[in-house]
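>>> got a predicted structure here, sequence first:
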Amino acid sequence: MNSGDTAYVLASAALVLLMTPGLAFFYGGMVRRKNVLGILMQCVIIMCLVGLQWVLFGYSLAFAPGKGFWGGLAWAGLGGVGADPNPDYAATIPHTAFMIFQGMFAIITPALIIGAFAERMKFPAFLAFILLWATFIYDPLAHWVWGAGGWLKELGVLDFAGGTVVHINAGIAGFVTALLIGKRVGYNGKAPPPHNLPFVVLGTGLLWFGWFGFNSGSALAANGIAAGAFVATNTAAVAAGLAWAILEWLVAGRPTMLGTVTGVVAGLAAVTPASGFISPLPGVAIGLVASACCFAAVTIIKPRLGYDDSLDAFGVHGMGCIWGVLATGLFASKAINVSGADGLLAGNLHQLFIQLIAVAVTLAYSGLGTLVIYKVVDRVIGIRVSEHEENIGLDLTQHREGAYTVLE
Amino acid sequence: MKLVIAIIQPHRLEKVKAELYKAEVNLITVSEVLGHGRQKGITEVYRGIKETGNLLRKVRLEIAVNDPFVEPTVKAIVKGARTGETGDGKIFILPLERCIRIRTGEEGREAIG
């Protein structure tokens, strides 16, 4: 047991928790003001719902050892998860510290999806969808990639902090739900203007800050790998933010605030799987290409295909991390992290192939699984609000609350 | 000259604007207001619960037009704003005594368009 490692992982868990309210402001600022509480509420209730699910059975399904579909219920209710370290995961910190750190990832992943179906999902259906998704999509996938005995882990997939499990997973789930739920009323390829861009910037700040816990904390120790991941994360974020601003400047004539923060988040997402396996300079390449990919996804592909991924859950997190997971197979280096592997640039083509499998498996499993869960919830509860309710907004119709007053 | 004032549902604003442009009525002033008519607030309408006093968000349009444009303006607003449900709003038409364009000092018919 190492007190420095324990302190760092617990602090990182708190940082990752802060990302979900950060995301609430990031997304909440982008919607129309009649739906801002709907977004904030969805994020906060996910913290409550998945936070509880994790302790009762989610952590066990994801991380109890085993070679099966998931980890099973051996650690349900955190039975056997105590102050002693679990060497399978982290030998120098209490098992409970590892558990709660992972719990924060389980919370933010479903929260990322809500950007895709923003402004039009019924709250009861939302609760059912999220609980089923966390249990049947997130938990198994986390087990395959990170759990002791997980088959993708044993295949040698490198995913330092959740490119597959978190970002591609949430991104493709967002893409599928956006297709199934349909466009917002009145959407004709042009999004309604964000109601509060300063909120979006505030949310980005909180996400960026929390992301250091997300990536660097995934070292599960206060050591050189944590410091390297910290630097790689920041490097990719700044490169991507700058790249997006320049792209907009060239393509649309002016760099925008929304574009720049979108670039920052794309860079943060893309570097996530690679962050603990690379030196800082590949972080620049990851950030630059992430912005280019996501810029194309958001400004060219989305309008052309005509789906309404309202806040670009797929366009930013999905696309960013498809690139990020593959980039891990390019830039990973054993010289940086001995417990990782060499990538293509260090002469190991095989790693890139393994990364490609991880991307394909995540897209296929999460895409199909989300489709099934969506259909079930839609059949039983009905997912979409009526057009009438959509016009009035989710704040009043789902929560009977308004975010802002016009008169005192 | 008439001043047309319309109170409409906020989510119909884009449609009303599109209809007004079609009718070649291009000069409008838009503001956000609160109010309620016969529907008496959101809760009664959407939850079936008797509660009154909730003011709803509405959008108020002000359009000054020459007499030949009054009917096209009214038709455009009705076409864009009507959903058939309580709360669609109202149109008021008032006589307009004078109209002055600040930049040039023009008055009346010329100033309005």
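In hand now; what should we look at?
>>> dump the residue contacts of residue 28.
Defaulting to chain A. By CB atoms under 8 Å, 6 or more residues apart in numbering or on different chains, the residues touching residue A:28 are A:36, A:39, A:40, A:43, A:196, A:199, A:203. Just so you know, the C-beta spots here come from the backbone N, C-alpha and C atoms, and that holds for glycine as well.
>>> was after chain B, sorry
Here residue B:28 is in contact with B:17, B:20, B:61, B:62, B:63 (CB under 8 Å, 6+ apart).
>>> now render the contacts of residue A:28 as CSV, adding distance to residue A:128, neighbour count and pLDDT.
Listed next are those as CSV, based on distance: CB to CB, whole Å; neighbours: other CB atoms under 10 Å in any protein chain shown; pLDDT from 0 to 100:
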residue, distance to residue A:128, neighbour count, pLDDT
A:36, 23, 26, 97
A:39, 18, 28, 98
A:40, 20, 20, 98
A:43, 17, 25, 98
A:196, 29, 19, 97
A:199, 28, 21, 98
A:203, 26, 25, 98
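>>> closest to residue A:366 out of those?
Checking these against residue A:366 by CB to CB gives residue A:43 as the nearest, at 20.0 Å.
>>> distance check, the closest one against chain B.
Distance from residue A:43 to chain B, counting by CB to the nearest CB, to the nearest Å: 24 Å.
>>> surely that residue meets residue A:111?
Yes: under the criterion of CB atoms under 8 Å, residue A:43 makes contact with residue A:111 at 5.1 Å.
>>> overlap in contacts, these two.
With CB under 8 Å, 6+ apart, residue A:43 and residue A:111 have common neighbours A:20, A:23, A:24.
>>> residue A:314: which of those residues is nearest?
residue A:23 (15.2 Å).
>>> and the pLDDT for the closest one?
Each residue has a pLDDT score; the one for residue A:23 is 98.
>>> look up the closest residue to it, ignoring the ones flanking it.
Nearest residue to residue A:23, sequence neighbours excluded (CB to CB, 6 or more residues apart in numbering or on different chains): residue A:111, at 5.5 Å.
>>> host element of the one you found?
With secondary structure defined by DSSP states H and E, residue A:111 is part of helix A:95-113.
>>> so does the next helix-or-strand element following that helix get close to chain B?
As assigned by DSSP H and E, the chain's next helix or strand after helix A:95-113 is helix A:123-133. No: between helix A:123-133 and chain B, judged by CB under 8 Å from any CB of the partner chain, nothing touches; the nearest distance is 13.8 Å.
>>> so which other helices or strands are in contact with helix A:123-133?
Packing partners of helix A:123-133 (3 or more CB pairs under 8 Å, 6 or more residues apart in numbering or on different chains; DSSP states H and E): helix A:36-53, helix A:95-113, helix A:349-380, helix A:394-399.
>>> just these: most buried one?
helix A:95-113 (a mean of 24; mean count of other CB atoms under 10 Å in any protein chain shown).
>>> which strands and helices sit next to that helix?
Counting contacts by 3+ CB pairs under 8 Å, 6+ apart, helix A:95-113 packs against helix A:3-28, helix A:36-53, helix A:59-63, helix A:123-133, helix A:139-146, helix A:169-181.
>>> one more pass at 7 Å, please.
Packing partners of helix A:95-113 (3 or more CB pairs under 7 Å, 6 or more residues apart in numbering or on different chains; DSSP states H and E): helix A:3-28, helix A:36-53, helix A:59-63, helix A:169-181.
>>> looking at these, which is nearest to residue A:256?
Among the helices and strands packed on helix A:95-113, helix A:3-28 comes nearest to residue A:256, with 15.2 Å by CB to CB.
>>> buried residues, that closest one. List them.
Across helix A:3-28, burial judged by 16 or more other CB atoms under 10 Å in any protein chain shown covers A:5-6, A:8-10, A:12-13, A:15-28.
>>> got it, and stretch A:184-197?
A:184, A:187, A:191, A:194, A:195, A:196.
>>> and the residue of chain A nearest chain B?
Closest to chain B within chain A is residue A:391: 4.4 Å, counting by CB to the nearest CB.
>>> avg pLDDT for stretch A:333-349?
Taken as a whole, stretch A:333-349 carries a mean pLDDT of 93.
>>> could you pull out the buried residues of that stretch?
For stretch A:333-349, a neighbour-count test (16+ other CB under 10 Å) marks A:333, A:336, A:337, A:340, A:341, A:342, A:343, A:344, A:348 as buried.
>>> likewise for stretch B:9-29?
For stretch B:9-29, using 16+ other CB under 10 Å, the buried residues are B:9-13, B:15-17, B:19-20, B:23, B:25, B:28.
>>> which ones are touching residue A:290?
Applying CB atoms under 7 Å, 6 or more residues apart in numbering or on different chains, we find residue A:290 in contact with A:240, A:266, A:267, A:270, A:320, A:323, A:324.
>>> contacting residues for residue 18?
Unless you meant another one, I'm taking chain A. By CB under 7 Å, 6+ apart, the neighbours of residue A:18 are A:206, A:209, A:210.
>>> switch to chain B, please.
Going by CB under 7 Å, 6+ apart, residue B:18 touches residue B:80.
>>> which pLDDT value belongs to it?
So, for residue B:18, pLDDT stands at 94.
>>> next: residue A:177.
The score at residue A:177 is 97. That number is its pLDDT.
>>> neighbours of it, just the number please.
Close neighbours of residue A:177, defined as other CB atoms under 10 Å in any protein chain shown, add up to 24.
>>> which residue packs closest to it, ignoring adjacent ones?
residue A:117 (4.8 Å).
>>> list the contacts of the one you found.
Going by CB under 7 Å, 6+ apart, residue A:117 touches A:177, A:178, A:181.
>>> could you dump the residues you listed into TSV with distance to residue B:72 added?
Listed next are the contacts of residue A:117 as TSV, based on distance: CB to CB, whole Å:
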residue	distance to residue B:72
A:177	43
A:178	40
A:181	39
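>>> out of the residues you listed, which one sits closest to residue A:308?
residue A:178 (5.8 Å).
>>> now for the closest one: which residues touch it?
Residues counted as contacts of residue A:178 (CB under 7 Å, 6+ apart) are A:116, A:117, A:307, A:308, A:309.
>>> same check, this time on residue A:399
A:37, A:38, A:41.
>>> what's next to whichever strand or helix holds residue B:90, contact-wise?
Using DSSP H and E, residue B:90 maps to strand B:89-95. For strand B:89-95, contacts defined as CB under 7 Å, 6+ apart pick out B:2-9, B:58, B:70, B:74, B:77, B:81.
>>> how far is it from where the chain is centred?
How far strand B:89-95 lies from its chain's middle: 8 Å, per CA atoms, centre = their mean, to the nearest Å.
>>> buried residues, it. List them.
Those would be B:89, B:91, for strand B:89-95 by 16+ other CB under 10 Å.
>>> partners of that strand, with directions?
Next to strand B:89-95 in the sheet, as set by DSSP bridges, lie strand B:2-8 (antiparallel).
>>> just the buried residues of the strand it pairs with, please?
Buried residues in strand B:2-8 (16+ other CB under 10 Å): B:2, B:3, B:4, B:6, B:7, B:8.
>>> export it as CSV, just CAs?
Extracted C-alpha coordinates of strand B:2-8, given in CSV (Å, rounded to 0.1, in the frame of the first residue of the first chain):
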residue,chain,number,x,y,z
LYS,B,2,-51.7,50.7,-39.2
LEU,B,3,-49.7,49.2,-36.4
VAL,B,4,-50.1,45.4,-36.3
ILE,B,5,-49.3,43.9,-32.9
ALA,B,6,-49.3,40.1,-32.7
ILE,B,7,-48.8,37.8,-29.7
ILE,B,8,-47.7,34.4,-30.8
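>>> average pLDDT for it?
Averaged across strand B:2-8, pLDDT comes to 96.
>>> give me the distance from that strand to the chain's centre.
Per CA atoms, centre = their mean, the centroid offset for strand B:2-8 relative to its chain is 4 Å.
>>> immediately after that strand, which helix or strand?
Next element after strand B:2-8 (DSSP H and E): helix B:13-22.
>>> fine by me, thanks again.
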